[in-house]
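In: Have a look; sequence and predicted model below, questions after that.
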Amino acid sequence: MTRKTWLRDGRDRAGQLAYANLVDLLSILQWNVQHDIHVYRMSSDLFPWMSEYQFEDLPNFPQLQHRLTQVGDYIKQHGLRISFHPGQFNVLASPTDDIVRRTVWELDQHSRIMDLMGLTADYNSAINIHIGGSYGDKVSALDRFCHNFEQLAPSTKSRLVVENDDKPTQYSVHDLYYLVYQKVGTPVTFDHFHHTLHTDNMSHMDAAHLAASTWGKYTPLQHYSDSRKIHEDASVNSRAHSDHLYSTIPSYGLTPDVELEVKQKDLALIQYRSRTFLEVVS
């Protein structure tokens with residue numbers, strides 16, 4: 001929904017699009033179950049321009065609530081694990097009060113969607129974010145993150161998880177474990193590809209196990225992609241994610257849930273399963 005459309009049609013059109021999105025979301029989840037896919041990341045655009053309104057103020061909220069309940073019931077019935085990954089503009093570590101205020105609102109809106117679905121406020125319905133900028137001082141930035149974390153709604157705090165970055169100027173598994181998890185208890189999502197670009201002198205196995213230890217009774221969540229630069233296009237930035245999967249996802253002795261961050265999404269997963277099946281059979 002473009003800004004022009006939002007300014008012209010406002011909440012009426014936003015509510016209509018949200019309803020259509022929820023109808024499609026249920027279809028997607030049904031397709032996933034049929035294809036034995038039990039982990040799914042929902043789009044943050046499920047409710048267009050949701051930073052601008054309360055859900056209850058949408059004209060068709062009763063119909064939206066019915067659809068949200070329907071989706072939530074299906075998720076619970078089939079034991080699916082769903083998540084959100086809000087965009088990079090959500091920066092709790094920002095030194096700018098207005099950015100923090102808008103971030104708190106946006107993250108709480110994500111959690112509110114899950115609440116309206118009737119999902120338990122825990123890490124089975126995770127809201128995954130990056131810390132964001134370091135502003136020249138990682139320790140101070142992480143202190144701000146932990147301080148501003150307390151402004152979130154209780155259900156948001158019970159779902160929020162953080163992910164390691166792919167730049168040395170940003171945050172490693174080590175940083176997140178000692179300066180976030182040990183302070184506010186927020187679990188760490190281990191991103192395999194990011195760790196290859198910013199190891200912080202930790203092996204993949206050690207980093208994966210350190211991140212997994214933060215999840216307690218919950219199944220750890222991981223992200224996986226291969227390098228687009230190595231496998232598909234040597235001209236792109238080294239941080240670019242691949243379209244398809246070219247490697248076998250390592251377990252490191254763990255049994256996590258893995259979200260694929262490859263561009264071809266479910267197609268890449270189906271191709272990967274076929275390839276690994278053939279490798280096992282042969």
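Out: Yep, it's here. Residues are numbered from 1 along each chain as shown.
In: and L278, what pLDDT?
Out: Per-residue pLDDT puts L278 at 55.
In: Kindly report the same for K229.
Out: pLDDT for K229: 94.
In: That one: what secondary structure?
Out: Put simply, K229 is helix when judged by DSSP: H, G, I helix; E, B strand; the rest coil.
In: By mean pLDDT, flag the weakest helix or strand of the chain.
Out: Lowest mean confidence among the helices and strands of the chain (mean pLDDT, DSSP states H and E): helix 265-281, at a mean of 78.
In: can you tell me the helix or strand for A207?
Out: Here A207 sits within helix 204-212, counting by DSSP states H and E.
In: buried ones in that helix?
Out: Residues of helix 204-212 classed as buried: 207-212 (neighbour count, 16 or more other CB atoms under 10 Å). Yep, even glycine has a C-beta here, placed from its N, CA and C like the rest.
In: for those residues, which one is nearest T156?
Out: Nearest to T156 among the buried residues of helix 204-212 is A211, at 20.7 Å by CB to CB.
In: Low-confidence regions, the protein specifically.
Out: Counting by pLDDT under 70, the chain shows low-confidence ranges at 276-282.
In: Tell me which stretches of it form helices.
Out: Here the chain has its helices, by DSSP state H, at 3-34, 61-77, 97-116, 138-149, 154-157, 173-176, 182-184, 192-197, 204-212, 228-231, 265-281.
In: what's in contact with the fourth one?
Out: Okay, so that is helix 138-149. 92-95, 100, 103-104, 131-135, 157, 160, 171, 175, 179-180, 183-184, 186 (CB atoms under 8 Å, 6 or more residues apart in numbering).
In: What subset of those is buried?
Out: Burial of those was assessed by neighbour count (16+ other CB under 10 Å); the buried members are 92-94, 100, 103-104, 131-132, 134, 157, 160, 171, 175, 179-180, 186.
In: Check the gap between the residue most central in space within the chain and R273 for me.
Out: For the chain, the residue nearest the mean C-alpha position is H85 (2.8 Å; CA atoms, centre = their mean). Per CB to CB, to the nearest Å, H85 is found 23 Å from R273.
In: that older thread, mind putting the helices of the chain in TSV, distance to Y123 included?
Out: TSV is the format used below for these (distance: least, CB to CB, whole Å):
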stretch	distance to Y123
helix 3-34	19
helix 61-77	15
helix 97-116	12
helix 138-149	15
helix 154-157	11
helix 173-176	15
helix 182-184	14
helix 192-197	19
helix 204-212	12
helix 228-231	30
helix 265-281	22
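In: closest one to R41 among those?
Out: R41 lies closest to helix 265-281 among the helices of the chain, at 9.3 Å (CB to CB).
In: how does the protein divide into domains?
Out: Split into domains by automatic domain parsing, the chain comes to 1-37+51-80, 85-281.
In: Deepest-packed of the ones you listed, please.
Out: With neighbours taken as mean count of other CB atoms under 10 Å, the domains of the chain reach their highest mean count in domain 85-281, at a mean of 18.
In: on that earlier part again, closest one to E52 among the helices of the chain?
Out: Judging the helices of the chain by CB to CB, what sits closest to E52 is helix 3-34, at 7.4 Å.
In: And the closest one, what does it pack against?
Out: With contacts taken as 3 or more CB pairs under 8 Å, 6 or more residues apart in numbering; DSSP states H and E, helix 3-34 sits against strand 39-41, helix 61-77.
In: Swap in 6 Å and give it another go.
Out: Contacts defined by 3 or more CB pairs under 6 Å, 6 or more residues apart in numbering; DSSP states H and E place helix 3-34 against helix 61-77.
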